[in-house]
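> predicted model, plus sequence, below.
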Amino acid sequence: MPSVRELDEVFKPSLPDVFSSVHLTRSPSFWRRALGFLGPGFLISVGYMDPGNWATDIAGGSRYGYTLLFVIMLSNLMAILLQSLALKLGIATERDLAQACRESYSRPTAILLWIFAEVAIAACDLAEVIGSAIALQLLFHIPLVIGVILTGADVLLLLLLQNKGFRYLEALVITLIATIMILFGVEIVLSHPEWGLIARNLLLPT
């Protein structure tokens, strides 16, 4: 029978820095204090702006036009629901999804869920790495193999930056997101989208 200390060691937060308190300014301004919480939100939003998503969206849009916008809307609503549930789980239990599954399910079920999660992560990472390599090839004419290697190397650089503190990583991510927003705005201006058709396909299934 494991002791309480052993159980606490097994189920302690896998990323202690993530579960620590967010450093907030003592400014009386609500907006200044609210800025302290925006960093984690921007980090989560990166999952929707990676090169793999861009490559998939561009390919889907060039083939199907606006007809898949309702699917995108529905998918985003489901993502918001799942993210909020995962957030509440982490706040209430100080455990991530993997630890919660290990504690709540039998060992065979937990192993099966782990395999599914690994396959899903590998599929997402593959799309992101290939998307980054394609972007480097289009922008700088770098061969795909070299682009894949560079993409792997920049992951290590981000991990090194994370060791210096989450605020540095958040600042980098916010800068990259701001760049994406500016470029996306320019793209919208140049492409002259049909806003009425976009609104109809966004709200009504086709």
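Received the coordinates, thanks. Residues are numbered from 1 along each chain as shown.

> measure the residue nearest the centre of the chain to Leu77 for me?
For the chain, Gly47 is the residue whose C-alpha lies nearest the centre (Cα atoms, centre = their mean; 2.2 Å). Distance, Gly47 to Leu77, by Cβ to Cβ, to the nearest Å: 15 Å. (C-beta placed from N, C-alpha, C; glycine too.)

> so how far is stretch 90-99 off the chain centroid?
Distance of stretch 90-99 from the chain centroid (Cα atoms, centre = their mean, to the nearest Å) equals 18 Å.

> stretch 67-78 now?
With Cα atoms, centre = their mean, you get 17 Å for stretch 67-78.

> same deal with stretch 194-206?
That offset, for stretch 194-206, works out to 26 Å (Cα atoms, centre = their mean).

> so which residues make contact with that stretch?
Residues outside stretch 194-206 that contact it (Cβ atoms under 8 Å, 6 or more residues apart in numbering): 66-70, 72-73.

> how does it look with 10 Å?
64-74 (Cβ atoms under 10 Å, 6 or more residues apart in numbering).

> go on, stretch 42-52?
So stretch 42-52 is contacted by 18, 53, 56-57, 76, 79, 83, 86-87, 123-136, 151, 166, 169-171, 173-178, 180-181, 184 (Cβ under 10 Å, 6+ apart).

> rewinding a little: just the contacts of stretch 194-206 now: which is nearest Ser106?
For the contacts of stretch 194-206, the residue nearest Ser106 by Cβ to Cβ is Leu74; the value is 32.7 Å.

> ok, the closest one to Gly90 distance?
In terms of Cβ to Cβ, Leu74 sits 25 Å off from Gly90.

> ditto for Ala110
If you go by Cβ to Cβ, the gap between Ala110 and Gly90 works out to 18 Å.

> and if you look at Ala171?
Remark: distance between Ala171 and Gly90 (Cβ to Cβ) = 23 Å.
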